[in-house]
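Asker: Structure for the following, please:
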Amino acid sequence: MATLQMNILSMKLGMQSNFTVILPSFRPGVDAGKDLSELYPRDVRFKTLWLLPSEYGDDIEELRYTSIQRYADETGIAVVMPAPLNRMYSNDPTNQKFIDYITEELWSLCHGTFALSYAREDNYIGGFSLGAYGAIKAAFRNPDKYSKVFMVGGVFEKGIKDGYFKDINARIAEQGLIPHLPLDDALPGDEEIPVPEGSNLPKVAVYFASEDELSDYARRAVENLRSAGFDVECKEYPGKDTWDFRDDALRAAVTEFIVK
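Answerer: The predicted model follows:
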């Protein structure tokens, strides 16, 4: 796989921001003997996973702690990993637009720069913990762009500001870190996740660790999503929310849910 770390001056954020892209390339053994024109055909556009990091993460979190490069290599998909700058994946009505940065600005830049497929059925989004919240929020606000969304942890219910945001900020504080977005600054209404209208709903997968202190949010998310009419796959893993669990869940999401 080819891995590129990019930096742009974002119009949606009003600042420089990094993102990392994984692109299919030569695979030893599998592609041995192929001509370069066969390896890199002009008319092929890649299926793409947009992968959002956790509350602590940046655009290379997944490269540090998971085997996403190997999973992408095995399945032949491209991966785009934004740096969300830990602002609760919010659009400020008068300031920075973090969801629009991912779903509009990076979407346009990456599709225009790399050989990524525009087709809805070829685009997927997912994330870890707070990134899972961001992924489902992005997918449900843009159901015409993403055919599948997965959450490793995450939430889907009303009252997120006074529930999930409060609890995830408490977890951040327990780790000795400063919560990224004070609750008083959480934007009214923006924290809620809309339910897409129409029948063409994204398919959803939820993975969570049974002993994660936020696991009840994921359990309720599955119930709420199914009640809202979504096709939901769910897998509960024993133990705590560790990177071993997240890597196992990511492999299942990529190789069993996204690429079947």
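
Asker: Give the buried residues for stretch 20-36.
Answerer: Across stretch 20-36, burial judged by 16 or more other Cβ atoms under 10 Å covers T20, V21, I22, L23, P24. The C-beta positions use only the backbone N, C-alpha and C, and glycine is treated the same way.

Asker: what do you get for stretch 88-96?
Answerer: If you call a residue buried by 16+ other Cβ under 10 Å, then stretch 88-96 has these buried ones: M88, Y89, S90, N91, Q96.

Asker: As a markdown table, those with pLDDT, secondary structure and distance to G126 would be great.
Answerer: Shown next, in a markdown table, are these (pLDDT from 0 to 100; DSSP: H, G, I helix; E, B strand; the rest coil; distance: Cβ to Cβ, whole Å):
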| residue | pLDDT | secondary structure | distance to G126 |
| --- | --- | --- | --- |
| M88 | 82 | coil | 17 |
| Y89 | 87 | coil | 13 |
| S90 | 84 | coil | 19 |
| N91 | 84 | strand | 20 |
| Q96 | 85 | coil | 23 |
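
Asker: any idea how far A139 is from K203?
Answerer: Using Cβ to Cβ, to the nearest Å, one obtains 10 Å as the distance from K203 to A139.

Asker: I should have written F128 there, sorry.
Answerer: From F128 to A139 the distance is 15 Å (Cβ to Cβ).

Asker: who's more crowded, these two?
Answerer: F128 (31 against 28; other Cβ atoms under 10 Å).

Asker: For this structure, give me the ranges with low pLDDT.
Answerer: Applying pLDDT under 70 to the chain flags residues 86, 180-191.

Asker: That one: strands as residue ranges?
Answerer: For the chain, the strands defined by DSSP state E occupy 2-10, 15-23, 48-52, 78-82, 123-128, 148-152, 203-209, 232-237.

Asker: strands paired with the fifth one, and their directions?
Answerer: For strand 123-128, sheet partners with direction are given as strand 48-52 (parallel), strand 148-152 (parallel), following DSSP bridges.

Asker: cool, and the fourth one?
Answerer: Paired neighbours of strand 78-82 in the sheet (DSSP bridges): strand 15-23 (antiparallel), strand 48-52 (parallel).

Asker: about what we covered before: what sits in contact with each of K203 and A139?
Answerer: V149 (Cβ atoms under 8 Å, 6 or more residues apart in numbering).

Asker: can I get the strands of the chain in JSON lines with distance to E223?
Answerer: Converted to JSON lines, the strands of the chain look like this (distance: least, Cβ to Cβ, whole Å):
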{"stretch": "strand 2-10", "distance to E223": "37"}
{"stretch": "strand 15-23", "distance to E223": "34"}
{"stretch": "strand 48-52", "distance to E223": "23"}
{"stretch": "strand 78-82", "distance to E223": "29"}
{"stretch": "strand 123-128", "distance to E223": "20"}
{"stretch": "strand 148-152", "distance to E223": "14"}
{"stretch": "strand 203-209", "distance to E223": "10"}
{"stretch": "strand 232-237", "distance to E223": "9"}
